[in-house]
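Chemist: Pasting the sequence and the predicted model now:
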Amino acid sequence: MANFKVQDLTPQQVEQGLRDGRYLLVDVREPNEVAVDAYPDAVVLPLSTFDPAAIPDLQGRELVFACRSGNRSAKISLAVQAAGYPYDKHLAGGMIAWKASGLPTKSGG
């Protein structure tokens, strides 16, 4: 089996990359979780129904997965790499780390 890896990014790195237009954040949490706290400007593709074909056009950006704690985003990164996609970045610590860093969230819905 190929040796896939997941690249951990800090909330600050992700936020800066989003601001610079370098990253597209894909939130793999479920709709009920996103309704409580959502990442600004993230695309929500829940893990339970995840389909790599639903990933929008990156338009030259790098894809970064995110979830609540970093567990699901690491898993989905490995899964899509196994399926032949080059997406190896995720937000380490997820929403918990994002909020702990004082970064903004929005109510979903």
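Modeler: Looks like it came in fine. Numbers count the residues shown, from 1 in each chain.
Chemist: Nearest residue to the middle of this protein?
Modeler: By Cα atoms, centre = their mean, the chain has its centre lying nearest to residue 65, at 2.0 Å.
Chemist: three-state assignment of that one?
Modeler: strand (DSSP: H, G, I helix; E, B strand; the rest coil).
Chemist: and it, what is it in contact with?
Modeler: 26, 28, 73, 74, 76, 77, 87, 89, 90, 91 (Cβ atoms under 8 Å, 6 or more residues apart in numbering). C-beta: built from backbone N, CA, C; applies to glycine.
Chemist: In which helix or strand does the fifth one reside?
Modeler: Spelled out, it's residue 76. helix 71-82 (DSSP states H and E).
Chemist: Next, the buried residues of that helix.
Modeler: For helix 71-82, the neighbour count (16 or more other Cβ atoms under 10 Å) marks 72, 73, 74, 75, 76, 77, 80, 81 as buried.
Chemist: Looking at those residues, which one is closest to residue 101?
Modeler: The closest of those to residue 101 turns out to be residue 73 (Cβ to Cβ; 15.9 Å).
Chemist: Quick one: residues contacting the closest one.
Modeler: 28, 65, 66, 67, 90, 91, 94.
Chemist: out of the residues you listed, who's nearest residue 8?
Modeler: Among the contacts of residue 73, and counting by Cβ to Cβ, the member closest to residue 8 is residue 90, at 6.8 Å.
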